[in-house]
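In: Sharing a model prediction with you, sequence too.
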Amino acid sequence: MAPQHVVTRFSPSPTGPFHVGSARTALFNYLFAKQQGGKLILRIEDTDSERSKKEYEENIIDGLDWLGIDYDEFYRQSERGAVYRDHIEKLITNGAAYESMEDEDGSDIRLGGPHFRPSVIRFKNSGGIVSFHDEIRGEISFDVTELGDFVIAKNRETPLYHLAVVVDDMLMGVTHIIRGEDGISNTPRQLLIARALGVPEWRYAHIPLILAPDKSKLSKRHGAVAITEYRKQGYLPEALVNFLALIGWSSQGEGEPEREIFSLPELVGRFNLSKVQKSGAMFSADKLKWFNREYMKTLLDDELLNALTARMPEQSPAILAKLLPLIRERITTLADTPTLIGNGGELSFVRNYTKPSRALLKTIEFLPRVRGILEQVSEPDFKAAQIKERLWDFATEKGRGNVLWPLRIALTGLERSPDPFVVAELLGKEETLARIAYAQSLA
RNA sequence: GGCCCUAUCGUCUAACGGUUAGGACACCACUCUUUCAAGGUGGGAACCCGGGUUCGAUUCCCGGUAGGGUCACCA
């Protein structure tokens, strides 16, 4: 048999914002396809014109782009009406489907009355056991008898989900169907249709669902689920991708170094369907934060600065640049920065001087001496390390708590802030001396 | 409820019959710093239960229990 080119597809329905669960499904499809040297198809399943919205389609496309998941082909089911129509005809012609005038209970639906409904197209189901191989779970079988003659199209023009999916997967040359675990129960119906159409079967892989803290399927009511939301919250796409890849999949194994940080290309290299977990996994916001921090550490200074200034155009880039090292070690996401430099924030002292309260200062006894020492430090030497060196012995002699704490409070007025040496450098000699003098006067 | 899937620290996971059951996140302690953050060091913490199979089961099989998914003229 000739080697078959791998084709996977990600097929969201645009009925809501791009969800982290969908994003992970998309990612797994991408990783597998790329690794196999195959292609990924993005197929918008918008046959339900009532619920499908253009804005959601855009949201999905933008989200994929932001995450760096690119695809090779794009389709929209709403534009493929003729294709489905032909296959509905074909199924009716070869006797696999029929136009049904009866309701589930067998009553004729054309007779009018309060329950009048138009006729539908049903699949003629002869029952029996249908089984398939799942790459992750192994053999799965269903008794399809109970499914009855299920509906595959509203009429000769309008396909329903199962039919559209099967026709598309067939025509688009899909080889591997990688989707959420909730698709397992759809599989037998689709397989029945596929057999009637004479499709060689696909390889299936049903990946576990992402669970909320209460172990139910993750949804809106559990907080942020939209990719857009994470973007807004200042997460880096690389961090989100890395995190998502490691929910329900692990590269760890015999001989593998125990590592968790992987770039997208590295993930492509290591991905393996058979190492995908069988059980659902909870979404851990803490772990995501950790990944984000790890990725932020790797940002170069100017990259971080650019990201920050883009988010806070009203903020002076000069101040941002000055505070960068301090911001860097304090933020989890880019969005944390405004609270840090905003009023009352740990780094707010550069722009606003909060008047130190007497109680917070504790003692001002040594402030004059401190000021005296700092006056001796030359302008070019007014750096954290030098300032610390000059002050250290005196502080140690008098008790560091008695010297350093009041100094820091005098300079910032804040209960929490970076250490006094760094603060002094940031403020500059003149401002530092002025603030100390002011604090002294508070007695 | 029927059908289907699943079951290792609180969470994400490693292990593919014999291990002191490993790592990461979170947590706690200590350290650095008399603040905060970051850093460093250390610690507590798991094989759902019951039967088999086997010299030996976390690992294989069966049952139970629990959790999840799905039961549309939605996708």
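Out: Arrived safely.
In: okay, CA-based contacts and neighbour counts for the rest of this
Out: Fine.
In: what about stretch A:137-156, average pLDDT?
Out: What stretch A:137-156 shows for mean pLDDT is 94.
In: for stretch A:404-419, same thing?
Out: On average, stretch A:404-419 scores 95.
In: same deal with stretch A:291-300?
Out: 96.
In: quick check, distance from it to the centre of its chain.
Out: 16 Å (CA atoms, centre = their mean, to the nearest Å).
In: Need the three-state assignment for the closest residue to RNA strand B within the stretch 51-200 of chain A.
Out: Ranked by CA to the nearest atom of the strand, the top residue of the stretch 51-200 of chain A for proximity to RNA strand B is residue A:182, at 3.2 Å. The local conformation at residue A:182, judged by DSSP: H, G, I helix; E, B strand; the rest coil, is helix.
In: pLDDT value on it, please?
Out: On the pLDDT scale, residue A:182 gets 94.
In: cool, the one 4 residues further on as well?
Out: At residue A:186 the predicted local distance difference test score is 96.
In: helix/strand/coil for it?
Out: Residue A:186 is classified as helix under three-state DSSP.
In: Neighbours of it, how many?
Out: Using other CA atoms under 10 Å as the criterion, residue A:186 is surrounded by 12 other residues.
In: contacting residues for it?
Out: residue A:162 (CA atoms under 8 Å, 6 or more residues apart in numbering).
In: does residue A:364 sit in a helix, a strand or a coil?
Out: Once three-state DSSP is applied, residue A:364 turns out coil.
In: Next: residue A:12.
Out: Classified using three-state DSSP, residue A:12 is coil.
In: on that earlier part again, could you measure from the residue of the stretch 51-200 of chain A closest to RNA strand B over to residue A:134?
Out: As judged by CA to CA, to the nearest Å, residue A:182 and residue A:134 stand 13 Å apart.
In: who touches both of those two?
Out: residue A:206.
In: who has more neighbours, those two?
Out: Each of residue A:182 and residue A:134 has its neighbours counted (other CA under 10 Å); residue A:134 has more, 19 against 13.
In: Can you give me every residue that contacts the more buried one?
Out: A:140, A:203-206.
In: Mind checking which of these are in strands?
Out: Using DSSP state E, the subset of the contacts of residue A:134 located in strands is A:140, A:203-206.
In: Restrict these to the buried ones and give me that as a ChimeraX selection.
Out: Listed next is the ChimeraX selection for buried residues among the ones in strands among the contacts of residue A:134, using 16 or more other CA atoms under 10 Å:
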select /A:204,205,206
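In: taking the ones in strands among the contacts of residue A:134 as a set, which two sit the farthest apart in space?
Out: Largest separation among those by CA to CA: A:140 and A:203, giving 12.6 Å.
In: which residue sits closest to the closest residue to RNA strand B within the stretch 101-250 of chain A in space, ignoring its chain neighbours?
Out: Residue nearest to RNA strand B within the stretch 101-250 of chain A: residue A:248 (2.6 Å; CA to the nearest atom of the strand). Leaving aside its chain neighbours, residue A:248 sits nearest to residue A:277 (4.8 Å; criterion: CA to CA, 6 or more residues apart in numbering).
In: Same check on residue A:304?
Out: residue A:296 (7.7 Å).
In: Now that neighbour, what are its backbone angles?
Out: Taking degrees, to the nearest 10, you get phi -70, psi -30 for the backbone angles of residue A:296.
In: Would you mind listing what in the stretch 1-150 of chain A touches RNA strand B?
Out: A:12-13, A:45-48, A:51, A:103, A:109, A:117-120, A:137-143, A:150 (CA under 7 Å from any atom of the strand).
In: tell me the phi and psi of residue A:358?
Out: Torsion angles, degrees, to the nearest 10, at residue A:358: phi -60, psi -40.
In: Kindly report the same for residue A:359.
Out: phi -60, psi -40.
In: what number of residues lie near it?
Out: Considering only other CA under 10 Å, residue A:359 is surrounded by 7 other residues.
In: Now do the contacts for the residue of the stretch 101-250 of chain A closest to RNA strand B.
Out: Counting by CA under 8 Å, 6+ apart, residue A:248 has contacts A:207-208, A:276-281.
In: could I get those residues as JSON lines with distance to residue A:76, secondary structure and neighbour count?
Out: Shown next, in JSON lines, are the contacts of residue A:248 (distance: CA to CA, whole Å; DSSP: H, G, I helix; E, B strand; the rest coil; neighbours: other CA atoms under 10 Å):
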{"residue": "A:207", "distance to residue A:76": "24", "secondary structure": "strand", "neighbour count": "28"}
{"residue": "A:208", "distance to residue A:76": "26", "secondary structure": "coil", "neighbour count": "22"}
{"residue": "A:276", "distance to residue A:76": "29", "secondary structure": "strand", "neighbour count": "23"}
{"residue": "A:277", "distance to residue A:76": "31", "secondary structure": "coil", "neighbour count": "17"}
{"residue": "A:278", "distance to residue A:76": "31", "secondary structure": "coil", "neighbour count": "16"}
{"residue": "A:279", "distance to residue A:76": "32", "secondary structure": "coil", "neighbour count": "14"}
{"residue": "A:280", "distance to residue A:76": "30", "secondary structure": "coil", "neighbour count": "18"}
{"residue": "A:281", "distance to residue A:76": "31", "secondary structure": "strand", "neighbour count": "19"}
